[in-house]
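Chemist: Can you look at this prediction? I've put the sequence above it.
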Amino acid sequence: MTVSPPSQVSGHAFSEQALPPWRRAVLKVGSSLLAADGGGLSPRHAQALADFVTAALADGREVVLVSSGAVAAGRAIAHRSAEANAPISERQALAALGQAQLIGFWQAFFERPVAQILLTHDDLRNRRRYLNAKATLAALLRQRALPIVNENDTVSVDELKLGDNDNLAAIVAALVDADVLFIATDIDGLYDADPRRHPDARPVDVVARVGAELLATAGGAGSAIGTGGMRTKLEAAQRAASAGIATVLFNGTRVEVVEHLARDRLYGTRLHAARSRLAARKHWLQNAPAERGGLVIDAGAADAVVERGASLLPGGIVAVHGEFRRGDMIEIFRQGDAGDERLARGVVQYSADDIRRILRRHSREIDVVLGYNYGGNVIHRDDLALV
């Protein structure tokens, strides 16, 4: 079957290009694609996006959905709008009313269960809560659920600003080690001028790097590159790129564009990652500031970490130096007759006090000793870098 290319909205069309290879993605859907004209949520554009997700899942890929729309859903329940000058508590109340509706709205499109994840930026800045969110999302993906992430608008203030979910989506993409961030918008992609004001605006198919000049050009609503919110999308792409994640901007209102995504073809803008995802992760692990102290491990554990790329288990730990908390970056030393040798560094899953209680023990004993566990690894191999 021959598939026609998508139609264009300016004097120039976006070229067809290949999507970056991906097995796990974050898809961000804004409220402009979900809000119904009379209030509430509309499946008009959501159906094609849901079909894209379903096709990806059928191919064995994994998707995390970051969705706005709770306030829009709440308006229909409360039969009122949220004026620009309304108290923030009014908007938060609408978000609280609409959040359940938003989850139910998405569940109707999928046979597999959806899972609600509500986050604030504070959750993601706090390293321990960040790790808890990361572990929960990983468990949901293993259980073949579809995580649906939104900001916890009922307890946040700044998070209700236009486009903030773009940056949240980039943070979530790094959180789940995604290969690509899809941002569905209501324009075809990035242009060198506002296509609604300049019919000859030229599409930008590829962006090698989101720099200060491009961000400055994006400005705000009605600026050179176009509609309000484009700057936040570029900021999100910049954030994702620093984590080694490519970003794709596409028009979620055009069914034919979304259908092409399911065939790994893009009509929109592709923004490249600064480096490979693995290189970005290792760079952070090797350069992030570490807490004082660390762990001393025996020769067997050192060999497993170095030679086999294994995670660090409690049984191989012989000593704990200093004080640190779960989620801190710490140093790892190999025990030696001539003194301990600095070997690696990584993000620890347990506090110093916890590790003192479980060192030299088998991972299955963690629950018995501590009364809880964060998994059998003290440091997972994905959170560990050799020095």
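Modeler: Here it is on my side, so go on. Numbers count the residues shown, from 1 in each chain.
Chemist: mean confidence for the helix or strand containing L181?
Modeler: Here L181 sits within strand 180-185, counting by DSSP states H and E. Strand 180-185 shows a mean pLDDT of 97.
Chemist: Show me what that strand is in contact with.
Modeler: For strand 180-185, contacts defined as C-beta atoms under 8 Å, 6 or more residues apart in numbering pick out 19-20, 22, 25-30, 32-33, 49, 166, 169-170, 173, 229, 233, 236-237, 240, 245-252, 258, 261. Where C-beta positions appear, they are placed from N, C-alpha and C, glycine not excepted.
Chemist: Please narrow these to those residing in strands.
Modeler: Mapping the contacts of strand 180-185 onto strands (DSSP state E) picks out A25, V26, L27, K28, V29, A246, T247, V248, L249, F250, N251.
Chemist: so what's the fifth one up against?
Modeler: V29 sits next to A46, L49, L65, V66, S67, S68, G69, A184, G252 when contact means C-beta under 8 Å, 6+ apart.
Chemist: List the beta-bridge partners for it.
Modeler: Beta-bridge partners for V29, by DSSP bridges, are S67, A184.
Chemist: which among the ones in strands among the contacts of strand 180-185 gets closest to P113?
Modeler: L27 (17.3 Å; C-beta to C-beta).
Chemist: how many other residues sit next to the nearest residue to that closest one once chain neighbours are set aside?
Modeler: Closest residue to L27 apart from its sequence neighbours, by C-beta to C-beta, 6 or more residues apart in numbering: F182 at 4.5 Å. Look at F182: counted by other C-beta atoms under 10 Å, it has 31 neighbours.
Chemist: same thing with R292?
Modeler: 11.
Chemist: which residues touch it?
Modeler: Taking C-beta under 8 Å, 6+ apart, we find R292 in contact with G322, E323, F324.
Chemist: So how do I select the buried members of the residues you listed in ChimeraX?
Modeler: Buried members of the contacts of R292, defined by 16 or more other C-beta atoms under 10 Å, are picked up in ChimeraX with:
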select :324
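Chemist: helix/strand/coil for V64?
Modeler: Following DSSP: H, G, I helix; E, B strand; the rest coil, V64 is assigned to strand.
Chemist: hang on, it packs against N150?
Modeler: No: with contact defined as C-beta atoms under 8 Å, V64 does not count as touching N150 (11.6 Å).
Chemist: which one of the ones in strands among the contacts of strand 180-185 sits closest to E341?
Modeler: A246 (38.2 Å).
Chemist: Test for you: state the pLDDT assigned to that closest one.
Modeler: You'll see A246 listed with a pLDDT of 95.
Chemist: I'd like to know how many residues surround it.
Modeler: 24.
Chemist: how close does it get to D264?
Modeler: 13 Å (C-beta to C-beta, to the nearest Å).
Chemist: Show me which helix or strand of this protein is least confident by mean pLDDT.
Modeler: Lowest by mean pLDDT, DSSP states H and E among the helices and strands of the chain is helix 121-125, with a mean of 72.
Chemist: dump the residue contacts of the residue lying closest to L34 once chain neighbours are set aside.
Modeler: Nearest residue to L34, sequence neighbours excluded (C-beta to C-beta, 6+ apart): G69, at 4.1 Å. Contact analysis of G69 by C-beta under 8 Å, 6+ apart lists V29, S31, L34, A35, L41, G98, L102, F105, N150.
Chemist: likewise V318?
Modeler: Contacts of V318 by C-beta under 8 Å, 6+ apart are V296, I297, D298, Q335, L359, R360.
Chemist: Kindly indicate the member of these with the most neighbours.
Modeler: Scoring the contacts of V318 on neighbours with other C-beta under 10 Å, the highest-scoring entry is I297 at 28 neighbours.
Chemist: contacting residues around it?
Modeler: I297 makes contact with V305, L312, G316, I317, V318, I332, F333, R334, Q335, L343 under the criterion C-beta under 8 Å, 6+ apart.
Chemist: And the strand or helix carrying the fifth one, what's buried?
Modeler: Taking DSSP H and E as the criterion, the element that holds V318 is strand 317-321. Of the residues in strand 317-321, those buried by neighbour count under the rule 16+ other C-beta under 10 Å are I317, V318, V320.
Chemist: Moving C-terminal from that strand, which element do we reach first?
Modeler: Reading on from strand 317-321 to the C-terminus, the next helix or strand found by DSSP H and E is strand 329-334.
Chemist: Many thanks, I have nothing further to ask.
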